[in-house]
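Chemist: From the sequence below, what's the structure:
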Amino acid sequence: MASSFGERMIGAAKLDVDIYEEVEADTSAMGQAMAVVVMSSVAAGIGSLRAGGFMGLVMTTVVALVGWFVWAGLTYVIGTKMLPEPQTKSDMGELLRTIGFSSSPGLLRVLGLVPFLGALVGLLTSIWMLVAFVVAVRQALDYKSTGRAIAVCLIGFVVYLVIIMGMTMVMGAGAAIMGAGS
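Modeler: Residues are numbered from 1 along each chain as shown. Next comes the predicted model:
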């Protein structure tokens, strides 16, 4: 019997491998996975409202959705083409679903609104989400080795950061050019 959406979120946050396997196999769970990413992103945006305001909330949500797709794509290529184990068999849908649910702990980022507690919660939640991401990748790629899942996540993260930094530089240069023409 399939778990409810709430049970899946809680199970994913608890690092329950059975939940990750269930989500991996359930092709109808893509909407749920996207909802988790959006809710986690909105929670982060709400948690940073004092610093970023409403536009920060919107941008956090958009960047998180794009990041979800980009990181899943990188993880797919790295995990299935560069560092597969003999039994590795996966597709983008499986990775998007499991990685999406690994964002479940991110709902706690709404606590960023609480003075003095926000930064600590943000740090702990980020670590928790990273561990959940490794579990999600290990399950989606059918790895026996957690070390290999960690390696795939680290390589993917470095490439992801390079892409994000490049996009930020291009957007910053574009904004500077647009501002100069005004």
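Chemist: For the chain, which segments count as strands?
Modeler: Counting by DSSP state E, the chain has no strands at all.
Chemist: which residues of it fall in helices?
Modeler: In the chain, the helices defined using DSSP state H lie at 5-13, 17-25, 30-47, 49-77, 92-101, 118-140, 146-180.
Chemist: Tell me which of those is the most buried.
Modeler: Comparing the helices of the chain by mean neighbour count (mean count of other C-beta atoms under 10 Å), helix 92-101 comes out on top with a mean of 24. In this view, the C-beta of every residue, glycine as well, is placed from N, C-alpha and C.
Chemist: So which elements touch that one?
Modeler: Where contact means 3 or more C-beta pairs under 8 Å, 6 or more residues apart in numbering; DSSP states H and E, helix 92-101 is packed against helix 5-13, helix 17-25, helix 30-47, helix 49-77, helix 118-140.
Chemist: Which residue is the nearest non-sequential neighbour of Val159?
Modeler: Leu74 (5.4 Å; C-beta to C-beta, 6 or more residues apart in numbering).
Chemist: still on that earlier bit, any idea which of the helices and strands packed on helix 92-101 gets closest to Val158?
Modeler: For those, distance to Val158 was read as C-beta to C-beta. The smallest value, 9.6 Å, belongs to helix 49-77.
Chemist: in this protein, which segments are predicted with low confidence?
Modeler: 1, 171-182 (pLDDT under 70).
Chemist: about what we covered before: in TSV: the helices of the chain, plus distance to Leu111.
Modeler: Formatted as TSV, those follow (distance: least, C-beta to C-beta, whole Å):
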stretch	distance to Leu111
helix 5-13	14
helix 17-25	23
helix 30-47	6
helix 49-77	12
helix 92-101	20
helix 118-140	4
helix 146-180	24
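Chemist: Out of these, flag the one nearest Glu85.
Modeler: Comparing the helices of the chain by C-beta to C-beta, helix 146-180 comes nearest, at 6.4 Å.
Chemist: Point out the other elements, helices or strands, that that closest one touches.
Modeler: Packed next to helix 146-180, using 3+ C-beta pairs under 8 Å, 6+ apart, are helix 49-77, helix 118-140.
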